[in-house]
Structures are given as C-alpha cells and as structure tokens.
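Q: With the input below, show me the fold.
(one chain, ligands or ions: 2)
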Amino acid sequence: MAEIGKDIEKAAALLSSGKLVAIPTETVYGLAGNALDEQAVLSIFKTKKRPSFDPLIVHLGDKTQLSDYVKEVPEELEELASKFWPGPLTLLLPKRGMIPDLVTSGLDTVGIRVPRHPLTRELLQSLDFPLAAPSANPFGYISPTSALHVQDQLGDKLPYILDGGTCEVGLESTIVGMEQGQVIIYRLGGIAVDRIESAVGKVLILPQSSSNPKSPGMLKSHYAPGIPMVLGNLDELMTKYRQKGIVFAVLSFNRSFPELSQELQFALSPAGDYDEAARNLFQGMRFLDRAKVEIILAEELPEIHLGKAINDRLRRASAK
Ligand code: TXA
Ligand code: MG
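A: Ligands and ions are numbered 1, 2, ... in the order given. Below you'll find the model as predicted:
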C-alpha cells in the first residue's frame, strides 16, 4: 500500500528520481510524474492501464512558465488563463519540442493547467520540471476525489499519496482550445460554460465522441462505476425496476426516499446547490457502487451552472 502524507519534500524527491506520486488538485487527484522524463510518462500510462492514444495534461506551478512549453497563446485563451488560473481550466496550445510526443500522444498541441490546490502549487513551484498527471484512477473508472479513493485503486502501485483532503471542485477541469479563430470546449468540467462565455463570448461545445481526433480521450463510456447505471425520470425508473423485481440504488440531485435504506440512496446536494452536487458526484457514485444492487438509477440535473458538466459525467457513466 502507498504511504499517505502531507510531506511536499518527500513527494518532490520521489518525483525528481522518476517515481510517480498521487497529488491532490482542486478538481480530482492526479497520478503525477515528471512530464519531461519519458520513462516516468510511460509508467503513468502503465500504472493506469491507459491506452497510449489518450494524451496527458501538463501541470505548471505558475502561468509565467507557459512560454517555456508552448509556442504561442491566442488572445482569447490568454484571457481565460488570466481569469481562471490557477484553477480547473486546461488549455490546448501548440507545444514546444521539449514536451515529449508521448505526453501528447503525438498531437502537436499540449493540454496545460495551473492547478490551485495549495499543496500541489507549492510542490510544483519547488520542482524544476512540470508534472504530467491524468486522474489517478484505473482507465475508465470514476476519478478519485480523496486520498483514500486513490489508495483503494492504485495504492499497491504507488510509493506515496500526497494528502490534500477532499477535492474542492470534484469534477475534472474544463478543456478549452481554439480552431480557426473559434473557441471550443472539448470537455465540460469544473468551470461552467457560462463563465467561459462571459470572458470570451460564445463558444462551441464539441459533442463527445470516440471518433473526435482532437480529443481521443473523450470516450463515450468513461467515469463509470462497476454496477450498471441508467439515467431517466427516477419515479418512472423506480416503478419499472420494482415491477421487474430488480434490486436498485438511487442517485438523485436533491431528493430523499423514505422507503429506501440509507445504503441504497445518495443525494448529490439536499439543498439543490450545483457546486455541492459537483463536489459529491464521484463520491456518490463510489458509495452506490458498493451497494449490493443490480443497477443504479440516476437522474439528470437542470442544464445550468455545473449541471451541464455533471450531466456529461452521468451520461458517460451510464453509456455502455
Ligand atoms: O482536472 C483535471 O483535468 C485532472 C487533474 C488531475 O488535473 N486531470 C485529468 O486528466 O482529468 P485525464 O488524463 O484524466 O483527462 C485529460 C483529458 C484526456 O481525456 C485527454 O484526451 C485530454 O484531456 N487531452 C489531454 N491533452 C490533450 C490534447 N493535446 N488534445 C486533446 N485532448 C487532450
Ligand atoms: Mg481521467
């Protein structure tokens, strides 16, 4: 099992010697390695069992380092970086040669992010290299939002988990790039679309697909619990599965079901708050994944604020 602690120097020493360390960010925990070291990058792919065509995000301690790793930054993306970094925003930018092709799966753009979790910022600022870090979960499973989530799934493959508590945002970063002068969101995430649009005007949200070559990792079935999940109107679904005699658990936005035991239900935010719902989403999916049931019934949220990104994850989790 991995050691869990808050020792930044220890994490830095391991990373400097080519080892991997799980790091906390405000979105989800990352599986970090030296982005400039091909061996470390290879072991990230191996540890996660991640296909090599799915590129990694590179994390920087500060926005001023950006020009070391990318050739240019379009004005609109510069605006987003000023506004939302450090924070849950990843920008796709033309990479410089020092970023290994392995990191970007051969693409000429690299995903860059300046995270805002204080422990990881301090760690990044103490290193003389950036960190490549995908979410610290086995490929296809739910992203981890606590050190224990990482321990549960990758603990036997890691020397150290830097413990930064529960992730404040709970959804992965919003991924934004540009094509032919148009700002595009490639992955909905921790910064809601309306906030991006208030900074740079109307954006295009590229529909998820496994054939979109620009974002090969945006596979339709992803972030999925082990127990099958189905999305729809909860009252209708519950009636239907009860009639069929199928044992189920329920994931709702803000409801409670007196007829169901506590192990069989999870409300993302009893108060109906979107930020709280985002923060609880992956924890809730993990919680119900431990229930002794055949299926998880879930409902979509209204498509406002982080509701859009939460629904995106719910749809991927229920796609098979
Ligand atoms: O919040 C986050 O973004 C977390 C934390 C740890 O920073 N990281 C994360 O990484 O979610 P990961 O690897 O699980 O998801 C990154 C996604 C992948 O699906 C990948 O396809 C896409 O970003 N991506 C990375 N670089 C890309 C590039 N150059 N072009 C297109 N898509 C890219
Ligand atoms: Mg991931």
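Q: which residues of the chain fall in helices?
A: Assigned helices in the chain, in chain order: 8-16, 38-48, 66-69, 75-84, 101-104, 118-126, 147-154, 193-200, 234-244, 274-289, 307-318 (criterion: DSSP state H).
Q: quick one, the first one and helix 118-126 angle?
A: Computed with axes from the mean of the first three to the mean of the last three CA atoms, to 10 degrees, the direction of helix 8-16 lies at 50 degrees from that of helix 118-126.
Q: For helix 8-16, name the packing helices and strands.
A: strand 21-23, strand 30-34, helix 118-126, strand 160-162 (3 or more CB pairs under 8 Å, 6 or more residues apart in numbering; DSSP states H and E). Where you see a C-beta, it was placed from the backbone N, CA and C, and this is true even at glycine.
Q: neighbouring strands for the first one, and are they parallel or not?
A: If you go by DSSP bridges, strand 21-23 pairs up with strand 30-34 (antiparallel), strand 160-162 (parallel).
Q: just the CA coordinates of the longest one, formatted as PDB?
A: Output in PDB follows, covering the C-alpha atoms of strand 30-34 (Å, rounded to 0.1, in the frame of the first residue of the first chain):
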ATOM      1  CA  GLY A  30      -3.800  13.300 -10.300                       C
ATOM      2  CA  LEU A  31      -1.200  10.500 -11.000                       C
ATOM      3  CA  ALA A  32       1.800  12.700 -11.400                       C
ATOM      4  CA  GLY A  33       5.200  12.200 -13.000                       C
ATOM      5  CA  ASN A  34       8.000  14.300 -14.500                       C
END
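Q: and that strand, which residues are buried?
A: 30, 31, 32, 33, 34 (16 or more other CB atoms under 10 Å).
Q: okay, now residue 160: neighbour count?
A: 20 (other CB atoms under 10 Å).
Q: Double-check it against residue 12; I have them as touching.
A: No - under the criterion of CB atoms under 8 Å, residue 160 is not in contact with residue 12, lying 10.5 Å apart.
Q: The strands paired with strand 21-23: which one's closest to residue 133?
A: Of all the strands paired with strand 21-23, it is strand 30-34 that lies closest to residue 133, at 3.1 Å by CB to CB.
Q: Low-confidence ranges, this structure, go.
A: Residues of the chain meeting the criterion pLDDT under 70: 207-223.
Q: That one against ligand 1: which residues are in contact?
A: 25, 27-28, 30, 54-57, 88, 90, 92, 104, 107, 109-111, 113, 115, 133-135, 172-173, 175, 186, 214-218 (CB under 6 Å from any ligand atom).
Q: would you turn the strands paired with strand 21-23 into JSON lines with distance to residue 64?
A: Output for the strands paired with strand 21-23, formatted as JSON lines (distance: least, CB to CB, whole Å):
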{"stretch": "strand 30-34", "distance to residue 64": "20"}
{"stretch": "strand 160-162", "distance to residue 64": "23"}
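Q: can you tell which of the ones you listed is closest to residue 302?
A: strand 30-34 (29.9 Å).
Q: what does that closest one contact?
A: Under the criterion CB atoms under 8 Å, 6 or more residues apart in numbering, residues 15-16, 18-23, 40-41, 43-44, 47-48, 59, 120, 129, 131-136, 150, 154, 158 lie in contact with strand 30-34.
Q: what's the first-to-last distance across stretch 63-75?
A: Chord length of stretch 63-75, first to last residue, is 15 Å (CA to CA, to the nearest Å).
Q: tell me the contacts of the residue nearest the centre of the chain?
A: Against the mean C-alpha coordinate of the chain, by CA atoms, centre = their mean, the closest residue is residue 172 at 2.7 Å. For residue 172, the contact set (CB under 8 Å, 6+ apart) comprises 27, 28, 88, 135, 143, 187, 189, 190.
Q: hang on, the earlier thing: for ChimeraX, what selects the buried ones among the contacts of strand 30-34?
A: Filtering the contacts of strand 30-34 down to the buried ones (16+ other CB under 10 Å) takes a single ChimeraX command:
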select :15,19,20,21,22,23,40,41,43,44,47,48,59,120,129,131,132,133,134,135,136,150,154,158
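Q: Hmm, residue 277 is touching residue 253, no?
A: Yes - if you go by CB under 8 Å, residue 277 and residue 253 touch, sitting 6.3 Å apart.
Q: Between the two, which has more neighbouring residues?
A: residue 277 (25 against 20).
Q: Give the closest residue to the more buried one in space, chain neighbours not counted.
A: Take residue 277 and drop its neighbours on the chain: the residue closest to it by CB to CB, 6 or more residues apart in numbering is residue 268, 3.7 Å away.
Q: so how far is residue 279 from the one you found?
A: 9 Å (CB to CB, to the nearest Å).
Q: next one: residue 117
A: 14 Å.
Q: any shared contact partners between those two?
A: 167, 168.
Q: How many neighbouring residues does residue 275 have?
A: 16.
Q: Skip the chain neighbours and tell me the closest residue to it.
A: Using CB to CB, 6+ apart, the nearest residue to residue 275 is residue 306, at 6.4 Å.
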